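Participant: Curious how this folds, go ahead:
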Amino acid sequence: MEDVAGNSATAVTDSALLDATAPSGHSVSFDDSTINNSERSSQSFTFTGGEVGADYSYTISSSGGGTNVTGSGTLTSATDTITGLNLSGLGDGTLTLSVVVTDVGGSAAGTVTYTAALDTLSPAAPSTPDLATISDNGVSTNDNRTSDTTPTFTGIAEVGSTVILTSSIDGQVGSSSTDGSGNWSITSSLSYTTYSMTATAMDGAGNQSSDSGALSLLINHDPAFAGTPTITGTPEVGETMGIAVLGTSDADTGDVVTLSYQWQRDSSNIPGAILSTYMLTATESNTTITCEISARDLNGGEKTFTTDGVKVGGDFPWLIFMPALSSPNKGQ
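Facilitator: Next up is the predicted model:
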């Protein structure tokens, strides 16, 4: 280019970027595949293979309805994580994350998606824990008193949930998954004391139930015999037999031990023979007698012992056999 005087100007140039190719090769994913109630207000998703400098926009919807969550921004790295997403306005169901990336040239990529589950419903509280019959060795099989320091507890909770058993002293003392009917069983290691036992259920999403009702449990020592109880006396019909007990003990402070007796003939209980002594009758002749002794404490602990058998003699020295007297003949 020249002016009117014929002077030529210096050439000037300019350039522009021609970009007609949309971003590709990127993906997105929720950072949690199953989102529970405690997580729904602080969710995030992450890019993989994102184009640095490109803009993005996203929408999160739920098959359970609710208000969609939307947003936009610019990628500062290929693996940006978008945080602080509050999904509280969405209903439980399948979440769909939809993202569109647009490069600096204005070319928009196709929508990429990812799905996750939103489950915010807590399971119902489990049934009150029950001390299993095999562990309940107190006065009865349902008094929740035992001397077993590794007791088993059972109950019912939501199918597929995990039950967490907690004691008032030790905190969590075991966990177990429920079976197809919701039954669970947990064996714990405890000490000699009084407990309050509760259970909670946690579903697959991590939602936790409220506490179950509380089971009051007493674990106490069983009484012990100081020696081996034995039968005393002469084993003959008409003689009174007794029991020699050297003593009893109980490791629980202040506990009192009482004894009860059941005499037996050839291993069968003799009706009414429940005292510490028993007079042998003719029924015991040529039989073996034993005595079952039970030591029971105030807390329901019990120790039972059966003595060695004693053979009762078959002679009756106190019986006198007299010959029959003949009647005189009439008229003589």
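Participant: Have a look at the protein and report the helix or strand with the lowest mean pLDDT.
Facilitator: strand 248-249 (a mean of 86; mean pLDDT, DSSP states H and E).
Participant: Against which helices or strands is that one packed?
Facilitator: strand 224-225, strand 257-265 (3 or more CB pairs under 8 Å, 6 or more residues apart in numbering; DSSP states H and E). Placement of C-beta: from N, CA and C, glycine included.
Participant: Any chance of the ones you listed in CSV with mean pLDDT, mean neighbour count and distance to Ser57 as columns?
Facilitator: Below are these laid out as CSV (pLDDT from 0 to 100; neighbours: other CB atoms under 10 Å; distance: least, CB to CB, whole Å):
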stretch, mean pLDDT, mean neighbour count, distance to Ser57
strand 224-225, 89, 16, 77
strand 257-265, 95, 17, 79
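Participant: Would you mind giving those strands as TSV with distance to Ser41 added?
Facilitator: Below are the helices and strands packed on strand 248-249 laid out as TSV (distance: least, CB to CB, whole Å):
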stretch	distance to Ser41
strand 224-225	59
strand 257-265	60
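Participant: Val100 is in contact with Thr111, isn't it?
Facilitator: Yes. Under the criterion of CB atoms under 8 Å, Val100 makes contact with Thr111 at 5.4 Å.
Participant: Compare those two and say which one has the larger neighbour count.
Facilitator: Val100 (16 against 12; other CB atoms under 10 Å).
Participant: any idea which element that one lies in?
Facilitator: If you go by DSSP states H and E, Val100 is part of strand 93-102.
Participant: buried ones in that strand?
Facilitator: Buried residues in strand 93-102, counting neighbours by 16 or more other CB atoms under 10 Å, are found at Leu95, Leu97, Ser98, Val99, Val100, Val101, Thr102.
Participant: Over to stretch 158-165?
Facilitator: Buried, per 16+ other CB under 10 Å, within stretch 158-165: Glu158, Ser161, Thr162, Val163, Ile164, Leu165.
Participant: and if you look at stretch 38-57?
Facilitator: Glu39, Arg40, Gln43, Phe45, Thr46, Phe47, Gly50, Glu51, Ala54, Asp55, Tyr56.
Participant: where are the low-confidence patches of the stretch 201-332 of the chain?
Facilitator: Scanning the stretch 201-332 of the chain for pLDDT under 70 picks out the ranges 315-332.
Participant: any idea how far Ile289 is from Gln264?
Facilitator: 7 Å (CB to CB, to the nearest Å).
Participant: Find residues that contact each of those two.
Facilitator: Here Gln264 and Ile289 share no contacting residue, scored by CB atoms under 8 Å, 6 or more residues apart in numbering.
Participant: what's the first-to-last distance across stretch 60-80?
Facilitator: End-to-end span of stretch 60-80 (CA to CA, to the nearest Å): 17 Å.
Participant: let me redo that: stretch 77-92
Facilitator: End residues of stretch 77-92 are separated by 32 Å (CA to CA).
Participant: Stretch 164-172 too?
Facilitator: Stretch 164-172: ends 7 Å apart by CA to CA.
Participant: Show me which residues of it are buried.
Facilitator: Ile164, Leu165, Thr166, Ser167.
Participant: So which of those are in strands?
Facilitator: Ile164, Leu165, Thr166, Ser167 (DSSP state E).
Participant: Contact partners for the third one?
Facilitator: Meaning Thr166. Gln172, Val173, Met197, Thr198, Ala199, Thr200, Asp211 are the contacts of Thr166 under CB under 8 Å, 6+ apart.
Participant: What is the nearest of the buried residues of stretch 38-57 to Pro129?
Facilitator: Glu39 (28.5 Å; CB to CB).
Participant: For Ile186, see how far away the closest one is.
Facilitator: On the measure of CB to CB, Glu39 and Ile186 end up 27 Å apart.
Participant: Please enumerate the strands of the stretch 51-200 of the chain.
Facilitator: Per DSSP state E, counting those that start in this stretch, the stretch 51-200 of the chain carries strands over the ranges 55-62, 69-74, 81-85, 93-102, 112-118, 130-131, 145-146, 152-156, 162-167, 171-177, 183-187, 194-202.
Participant: Would you convert the ones you listed into JSON lines that also reports distance to Ser276?
Facilitator: Formatted as JSON lines, the strands of the stretch 51-200 of the chain follow (distance: least, CB to CB, whole Å):
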{"stretch": "strand 55-62", "distance to Ser276": "77"}
{"stretch": "strand 69-74", "distance to Ser276": "81"}
{"stretch": "strand 81-85", "distance to Ser276": "79"}
{"stretch": "strand 93-102", "distance to Ser276": "73"}
{"stretch": "strand 112-118", "distance to Ser276": "70"}
{"stretch": "strand 130-131", "distance to Ser276": "33"}
{"stretch": "strand 145-146", "distance to Ser276": "26"}
{"stretch": "strand 152-156", "distance to Ser276": "36"}
{"stretch": "strand 162-167", "distance to Ser276": "41"}
{"stretch": "strand 171-177", "distance to Ser276": "42"}
{"stretch": "strand 183-187", "distance to Ser276": "39"}
{"stretch": "strand 194-202", "distance to Ser276": "33"}
